[in-house]
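Q: Test case, fold it:
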Amino acid sequence: MSDGPDLVVAGAGGGLAGALRAAELGLSVLVVEASEHFRRGNNTSMSTAMFPGAGSRWQTEAGVEDSPEQFVADIMAKTKGEADPRLARTLAEVSAPLVEWLADSAGLPLALVTDFNYPGHAVTRCHSIPGRHGSGVVDHLARRVTEHENIELLAPARLVEVLSDEDGVRAVVVRYPDGVEEQIPTRAVLLATNGFGADKDLVARYLPEIAGALYQGSDQSLGDALRIGEELGAATGFLDAYQGHGAVAANAGTLVGWATIIHGAILVDLGGRRFGDETRGYSEYAAELAARPGSTGWIVLDETIFEQCQPFQDFRDTVESGALVWADDAAGLAAVTGLPADALADELAAAAAIARGERADEFGRKNWERPLSGRYAAVRVVPALFHTQGGLMVDENAAVVDASGNRIPGLYAAGGAAASISGHGAAGYLPGNGLLPAFGLAYLAAGDVARRSGSRGN
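A: Down below sits the predicted model:
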C-alpha cells in the first residue's frame, strides 16, 4: 500500500464485510476504526445478528417460498410506502446473495431462523449464527480481516476528513488518539461509521420523541459520515428515522428481546395495563413505552417462553443478571413487581382469553402463540434508541450522491452512515434492516470500486 490503498473503509462493523469483499476482488484495503473495543462496542456487535435473505438456499431447503419482490412488498407495507423504492429493491435483491457470500466466502456459520418470525416479515427470512449475537459476527470477520494479506486494520484511529479534487476522492485524513493526523492517498472511501445516535444534539434535533431514552449503541456513532458527506456536497435523507427498542432490561441494560412477545408475552405499563399491539414491532414500541408513566413497563412471560428464548445470548445474559422475577400466580406477580394487583390480574385474564380466541383484542393484536400458563416471569424494561436510520443518500452501488442525484466520485456509504429503507420515524423499521444496509451496501460498494478500478479478482 505504498501508493495508498485502493479503498479506505471507515468503520469495522459492516465495513469488515466490505473490506473482505473488496480484497476478494483484488483490491488493497485499509480499515480505519475509531474504537479499540469495536469487537464488543459497535452496533453490529450489539445486534442479534439477523440477516434477511429473500430467496436464500436455506429458505429453499426449509420449503419457504420467498423472493426479493415479496421482501420489497414487506418493506413498503411496514413503512407505509415511505421507504426509498430504489434502495429497497437494491437491498432486497442483494439480500440472498449477501447471506450466501457471508457463509461461503466469509465463513460465517449462518442458518435460517425458523423457531419464530419477526413482525413485518411475511415469511421466515432472517438468518443468524449460533448464539444469535453480533459479537460473534464481528469477532469472526475481524479475524478474517487481520489474517488477509491485502487488508490493513488501523485501530484506534478516526477518519476525520475526505479530500477531493475535480476527479473525486483523492485522500483521507486519519487522526490518532494522540492527536497526530496523517493524510493517506486513495481514490475510494466507504463510510461505514454508523449514524449519529451518540450525538445528543443531533438526536434532539432529528429524533425528539426518543431523545430522553437510553442510548444502546456505539459511543462512536457521532455523525462523522453526515459531517464528511455534507462537506463534499452529499444529499441527506430520512434523518428522522431510527431503530428503537422497547425491551431493554431496566436494571441490567441487557436486551430482553422481542422473541418473548412473539412467543406470547405481553407488555404492561406501571398501571398494570397493556397499551397497544405489542407485535407491531419493537422499534415503534420504544417511543410508545417512553410516553407511558415513568417511561417504563414490564414484560410478562411464562416458563415455556423462558425456554423458547434460550437460543438468544442476550436473553441468557438478562437471566444471568437477575433481572427476571418469578411468581406462581397473578397476585404473587403483583407483589414482586409492585404493579396494581387488580389491574394486573384483570389484564392477564383478558390476554389469556384473547389468546384462546374467546374475544378480540381491543388493540388489534392477532399474533398470540398461545395463552400464558404455569408460573409467570416478569422483567422491567425501558425504551432505548439503538441506532439512527437516516444519513447520506446513495445509489444502487452504494455511491453517495448529491442533491441532483449525481454520484460523488469515489465516495460510498453503508449502514447508519447512509439513508436506509425504514421510511420516517421508528415504525418503519423491519427486523434485520439495520444489518442489511450495513453489510449489503458495503458489499455493493466493494464491487463498484473493483469494477471502476479494473480489478481482476474473483
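Q: quick one: which helix or strand includes Val162?
A: For Val162, the host element (DSSP states H and E) is strand 158-165.
Q: low-confidence ranges in this structure?
A: Residue ranges of the chain with pLDDT under 70: 1-2, 455-458.
Q: So what touches the helix or strand harbouring Ser95?
A: Assigned by DSSP H and E, Ser95 belongs to helix 85-104. Helix 85-104 is contacted by residues 17, 21, 51-58, 68-69, 71-72, 75-76, 108-110, 125, 127, 394-396, 419-421, 433, 436-437, 439-441, 443-444 when judged by Cβ atoms under 8 Å, 6 or more residues apart in numbering. All C-beta atoms are positioned from the backbone trio N, CA, C, and that covers glycine.
Q: Among these, name the buried ones.
A: Buried by 16 or more other Cβ atoms under 10 Å: 17, 21, 51-56, 58, 68, 71-72, 75-76, 108, 110, 125, 127, 394-395, 419-421, 433, 436-437, 439-441, 443-444, out of the contacts of helix 85-104.
Q: Select from those every entry located in strands.
A: If you go by DSSP state E, the buried ones among the contacts of helix 85-104 have Phe51, Pro52, His127 in strands.
Q: which residues touch the spatially closest residue to Ala77 that is not a sequence neighbour?
A: Among residues not flanking Ala77 along the chain, Gly120 sits closest, at 7.3 Å (Cβ to Cβ, 6 or more residues apart in numbering). By Cβ under 8 Å, 6+ apart, the contact set of Gly120 is Asp74, Ala77, Lys78, Gly281, Leu430, Pro431.
Q: which stretches of the stretch 151-300 of the chain form strands?
A: If DSSP state E, counting those that start in this stretch is used as the criterion, the strands of the stretch 151-300 of the chain fall at 151-154, 158-165, 168-175, 181-185, 189-191, 214-215, 236-237, 242-249, 266-269, 297-302.
Q: Quick check: buried residues in the fourth one?
A: Judged by neighbour count using 16+ other Cβ under 10 Å, the buried positions of strand 181-185 are Ile184.
Q: Just want the angle from it to strand 158-165.
A: Inter-element angle recorded for strand 181-185 and strand 158-165: 50 degrees (by axes from the mean of the first three to the mean of the last three Cα atoms, to 10 degrees).
Q: ok, back up a step: of the strands of the stretch 151-300 of the chain, which is nearest Arg452?
A: Taking Cβ to Cβ, strand 168-175 is the member of the strands of the stretch 151-300 of the chain nearest to Arg452, at 10.1 Å.
Q: which strands and helices sit next to the closest one?
A: In terms of contacts (3 or more Cβ pairs under 8 Å, 6 or more residues apart in numbering; DSSP states H and E), strand 168-175 is packed against strand 158-165, strand 181-185, strand 407-413.
Q: Most tightly packed of the ones you listed?
A: A comparison of these by mean neighbour count, using mean count of other Cβ atoms under 10 Å, puts strand 407-413 on top with a mean of 24.
Q: List the pairing partners of that one within its sheet, with orientation.
A: Looking at strand 407-413 with DSSP bridges, its partner strands are strand 189-191 (parallel), strand 399-401 (antiparallel).
Q: Dump those to CSV, plus mean neighbour count.
A: Output for these, formatted as CSV (neighbours: other Cβ atoms under 10 Å):
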stretch, mean neighbour count
strand 189-191, 32
strand 399-401, 25
